[in-house]
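Chemist: Return a 3D structure for these sequence lines:
(one chain, ligands or ions: 2)
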Amino acid sequence: MTEPELAGLGPGAFDHDRIAKAVREILIGIGEDPDRDGLRATPDRVARSYAELFRGLTQRPEDVLATTFDLDHDEFVLVKDIEVWSCCEHHLVPFTGVAHVGYIPNPNGRITGLSKLARLVDVYAKRPQVQERLTTQVADAMVEFLQPSGVIVVFECEHLCMTMRGVRKPGSRTVTSAVRGQLRNAATRAEAMSLIMNGRR
Ligand SMILES: Nc1nc2c(ncn2[C@@H]2O[C@H](COP(=O)(O)OP(=O)(O)OP(=O)(O)O)[C@@H](O)[C@H]2O)c(=O)[nH]1
Ligand SMILES: [Zn+2]
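Modeler: Residues are numbered from 1 along each chain as shown. Ligands and ions are numbered 1, 2, ... in the order given. Predicted structure coming up:
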């Protein structure tokens, strides 16, 4: 399993019992008693919650973008402030913030439902991630499955691994962007960015 995209879709599928066993080991490793009342069900609970937190590993972007409409629109479309909860692959703690996903449909391409753009974000966010890869994966899936004239994807996230531990800088936010096609043009990109930033602090 080399590509994160393939994880969970092949032989390395989700293994609840394995996770529960490992969590029990972690509890012992931190010096806790995994059999005490409050912790007895924790390995099973964590395994169940991982199925939810990492559900993107069993989802394919093309399935999410499968619904398309016959709509004659070739102007910029933007869904902004999509809430994001992902998991940093270095520390397995959350990073959270917002995503902005915009595209210019192509008359020969496809237009999808607005909610599908937010679903696409989740397909990739609900995996162990780094923010840069999350950003480019969303943009590249848009290009591959909608064949738009242009795409812009921006993520603004706070990483709890930089907040609750380590360097401990609460409030610092990381901004990443991926721009494809016509939106790479300076004027079009600036217009898209101003729509994204409008009303933001
Ligand atoms: N580029 C990038 N780095 C990330 C992301 N999430 C976490 N990191 C960084 O991953 C790095 C891991 O650094 P290491 O030195 O291997 O680990 P560490 O000793 O725990 O590092 P500190 O967090 O500085 O304590 C840290 O600098 C994190 O801030 C991300 O989405 N993108
Ligand atoms: Zn981290």
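
Chemist: what residues does whichever strand or helix holds P43 touch?
Modeler: Element membership for P43 (DSSP states H and E) is helix 42-53. Outside of helix 42-53, the residues within contact range by C-beta atoms under 8 Å, 6 or more residues apart in numbering are F14, H16, D17, I19, A20, K21, V23, R24, L27, P34, C87, K126. Where C-beta positions appear, they are placed from N, C-alpha and C, glycine not excepted.

Chemist: Tell me how far that helix lies from the chain's centre.
Modeler: 19 Å (C-alpha atoms, centre = their mean, to the nearest Å).

Chemist: all strands for this protein, in order.
Modeler: Counting by DSSP state E, one finds strands in the chain at the ranges 68-69, 77-88, 94-104, 111-112, 128-129, 150-159, 174-181.

Chemist: show me the contacts for H159.
Modeler: C88, V93, F95, Q131, S172, T174.

Chemist: Give me the local confidence score for the closest residue to the fifth one other than its chain neighbours.
Modeler: On the basis of C-beta to C-beta, 6 or more residues apart in numbering, the spatially nearest residue to S172 that is not a chain neighbour turns out to be M162, at 6.1 Å. pLDDT recorded at M162 is 97.

Chemist: Go ahead and name everything in contact with the worst-scoring helix or strand of the chain on mean pLDDT.
Modeler: Ranking every helix and strand in the chain by mean pLDDT, DSSP states H and E puts strand 68-69 at the bottom, with a mean of 88. Strand 68-69 is contacted by residues R110, I111, T112, G113, L146 when judged by C-beta under 8 Å, 6+ apart.

Chemist: wait, the third one sits on D63?
Modeler: What it means is T112. No. Contact status for T112 versus D63: not in contact, 11.8 Å apart, counting by C-beta atoms under 8 Å.

Chemist: more neighbours, those two?
Modeler: T112 (24 against 11; other C-beta atoms under 10 Å).

Chemist: contacting residues for that one?
Modeler: So T112 contacts L65, T67, T68, F69, L146 (C-beta under 8 Å, 6+ apart).

Chemist: Dig out what the third one forms beta bridges with.
Modeler: T68 has the following beta-bridge partners by DSSP bridges: T112.

Chemist: Can you list the buried residues in stretch 38-55?
Modeler: Burial within stretch 38-55, assessed by neighbour count using 16 or more other C-beta atoms under 10 Å, is assigned to T42, P43, V46, A47, Y50, L53, F54.

Chemist: circling back: isn't the residue nearest to S172 right up against R173?
Modeler: No. In this structure M162 lies outside contact range of R173 using C-beta under 8 Å: 9.8 Å.

Chemist: quick one, which of those two is more surrounded?
Modeler: M162 (20 against 14).

Chemist: about what we covered before: turn the buried residues of stretch 38-55 into JSON lines, including distance to D74 and pLDDT.
Modeler: Putting these into JSON lines (distance: C-beta to C-beta, whole Å; pLDDT from 0 to 100) gives the following:
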{"residue": "T42", "distance to D74": "52", "pLDDT": "98"}
{"residue": "P43", "distance to D74": "52", "pLDDT": "98"}
{"residue": "V46", "distance to D74": "47", "pLDDT": "98"}
{"residue": "A47", "distance to D74": "47", "pLDDT": "98"}
{"residue": "Y50", "distance to D74": "42", "pLDDT": "97"}
{"residue": "L53", "distance to D74": "37", "pLDDT": "97"}
{"residue": "F54", "distance to D74": "37", "pLDDT": "97"}
